[in-house]
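> Show me the folded form of this:
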Amino acid sequence: MAGGFFLFLKSKVYFRPPAILKMIKLVPFQAVRPARDKAHLVASRSYVTYTLAALKRKLTENPYSFIHIINPEFASGETIKKNSPLRFKKVRERYLTFLEERVLRRDDRKSFYLYEQSTPTSSFTGIIGGVSTLDYKKGSIRKHEQTLTKREKMFCDYLDVCGFNAEPVLLTYPENISTIDAFKATKKLERPEYEFATTDKTIHRMWVISEKEDITRLQSAFEKVDALYIADGHHRMASSALLAEKKSGENPNHKGTEEYNFTMALIMPGEMLKISPFHRLIGNQYNMTDTELLNSISEKYEIKKASNTTLPDSKRQFGLRLRSGWYELTLKSFEGDNTARCHLDAVILTNTILEPIFEIFDQKTDKRIQFIPGNMNLSSYEKAIERGQHKALFTLSSVSSQELYAISDEGSTMPPKTTFIEPKLRSGLTIMNLK
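The predicted structure is shown next:
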């Protein structure tokens with residue numbers, strides 16, 4: 001790919017630099033996973049997505065839920081400091097108990113795993129395997145989000161003590177690889193190892209890929225991929241790389257093939273991802289009237305009154321909900337540079353409204369701004385604005401997978417909460433042992 005190529009993103013053209021010829025290293029692994037009859041009971045959403053009441057109900061009613069491993073104190077009733085070495089040790093002990101009771105079992109052979117998730121509106125299919133942390137360090141696995149050193153260290157300690165990785169990083173690639181597509185289509189004709197539905201009306205299916213020729217075929221196909229891109233799981237990827245660095249330094253016989261050198265990943269083409277925006281909800285700490293706010297915004301935007309909820313589908317356009325109703329905002333003139341990052345709507349909104357008008361300069365810490373996932377119903381937030389509990393709601397259009405690639409390729413990062421990416425993965429369906 002000498003000389004690079006041009007990437008067309010709607011009205012803008014970006015130059016993607018020539019790829020350095022590297023081969024993506026994808027490895028099979030012996031997954032620890034639920035017994036077939038318990039897969040639907042073990043696999044769970046991330047525990048942070050549950051309310052306290054729902055979490056307690058889940059733990060009380062389902063003795064097989066993976067959440068019991070993540071919340072080991074529930075069974076004993078003891079109080080353990082969050083993110084402490086003792087808590088990580090208890091997680092490890094609970095994990096071993098699940099293995100001893102044969103709720104979880106380790107596969108006899110190294111395998112890849114084909115995973116499919118089908119919702120009422122979307123379908124996602126990808127390959128679960130191990131990816132090299134060295135590829136991440138070399139830049140063959142690319143990021144679009146900055147990670148926090150404190151969280152990296154905490155997750156590294158967690159992985160080191162617990163000794164397993166239970167939730168894959170979501171990776172994507174831009175190429176259309178017919179070999180991989182054909183293999184997935186053929187494999188899906190077989191009976192899946194797992195097939196179950198969850199209460200959110202999602203169907204989960206998984207096939208085990210353990211034949212040597214199939215493994216070689218997939219590895220050869222992925223060697224032709226120039227780069228993989230992190231769609232979700234930046235901290236998991238970074239902490240896995242930190243763990244590999246730590247463990248290799250502690251191991252005098254380090255070879256580079258040990259399990260701690262890899263992290264578990266679900267890999268699928270970018271066209272299959274569902275990328276929604278995060279909308280911006282502004283607090284009620286401001287004294288300005290709706291008219292005063294609209295007058296300030298009109299310096300940069302054409303404003304049109306809207307009759308109902310406005311969810312823009314074009315770049316440089318935003319929806320705005322105030323107490324006085326909905327408005328459509330269209331940027332009059334773009335003033336940024338040619339980088340892909342400057343063309344992100346989240347950046348444009350920040351530069352033209354959030355910073356100059358609302359004086360929100362650090363969206364990670366400022367309590368005057370909240371982020372609403374684009375798949376959520378907005379009616380409750382509209383009512384809160386009408387009651388004066390919030391000042392404004394800005395709605396954004398979605399970021400494309402091509403924009404994600406362009407941001408990663410140029411070494412830039414997106415602002416906080418720019419993309420809400422699906423599929424959201426279940427914990428405990430496949431587990432990678434790290435020791």
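> Every contact and neighbour count from this point should use C-alpha atoms.
Noted.
> Which parts of the stretch 201-350 of the chain are helices?
Per DSSP state H, counting those that start in this stretch, the stretch 201-350 of the chain carries helices over the ranges 212-222, 234-250, 290-297, 345-349.
> In space, what's closest to the residue positioned nearest the centre of the chain - neighbours in sequence excluded?
In the chain, the centroid-proximal residue (CA atoms, centre = their mean) is residue 232; its distance is 2.1 Å. In space, and not counting its chain neighbours, residue 232 is closest to residue 170: 5.0 Å by CA to CA, 6 or more residues apart in numbering.
> re the thing from before, does the residue nearest to the centre of the chain touch residue 171 like I think?
Yes. With contact defined as CA atoms under 8 Å, residue 232 counts as touching residue 171 (7.1 Å).
> that older thread, just put the helices of the stretch 201-350 of the chain in JSON lines and tack on mean neighbour count and mean pLDDT.
Formatted as JSON lines, the helices of the stretch 201-350 of the chain follow (neighbours: other CA atoms under 10 Å; pLDDT from 0 to 100):
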{"stretch": "helix 212-222", "mean neighbour count": "15", "mean pLDDT": "96"}
{"stretch": "helix 234-250", "mean neighbour count": "20", "mean pLDDT": "96"}
{"stretch": "helix 290-297", "mean neighbour count": "15", "mean pLDDT": "98"}
{"stretch": "helix 345-349", "mean neighbour count": "21", "mean pLDDT": "97"}
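> So residue 340 sits against residue 400, correct?
No. If you go by CA under 8 Å, residue 340 and residue 400 don't touch, sitting 11.6 Å apart.
> Look at the two and report which has more neighbours.
More neighbours surround residue 340 than the other of residue 340 and residue 400, with 25 against 19 (other CA atoms under 10 Å).
> List the contacts of that one.
14, 403, 406, 407, 410 (CA atoms under 8 Å, 6 or more residues apart in numbering).
> and what of residue 157?
Applying CA under 8 Å, 6+ apart, the residues near residue 157 are 85, 243.
> Tell me which residues of the strand or helix carrying it come out buried.
In the assignment (DSSP states H and E), residue 157 maps to helix 149-162. With burial defined by 16 or more other CA atoms under 10 Å, the residues of helix 149-162 counted as buried are 152, 153, 154, 155, 156, 157, 158, 159, 160, 161, 162.
> closest to residue 34 among the residues you listed?
residue 162 (17.8 Å; CA to CA).
> Let me know the pLDDT of that closest one.
pLDDT recorded at residue 162 is 97.
> can you give me the strands in the stretch 251-400 of the chain?
262-269, 274-283, 301-306, 317-322, 325-331, 369-373, 390-395 (DSSP state E, counting those that start in this stretch).
> still on that earlier bit, CSV for the buried residues of helix 149-162, including distance to residue 43?
Supplementary listing: the buried residues of helix 149-162 in CSV, determined by distance: CA to CA, whole Å:
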residue, distance to residue 43
152, 25
153, 26
154, 24
155, 21
156, 23
157, 23
158, 20
159, 19
160, 22
161, 22
162, 18
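> ok, back up a step: let me know the next secondary structure element after the helix holding residue 157.
strand 164-165.
> In the sheet, which strands lie alongside that following strand, parallel or antiparallel?
strand 432-433 (antiparallel) (DSSP bridges).
> what's next to the partner strand, contact-wise?
So strand 432-433 is contacted by 29, 30, 31, 32, 163, 164, 165, 166, 259, 263, 264 (CA under 8 Å, 6+ apart).
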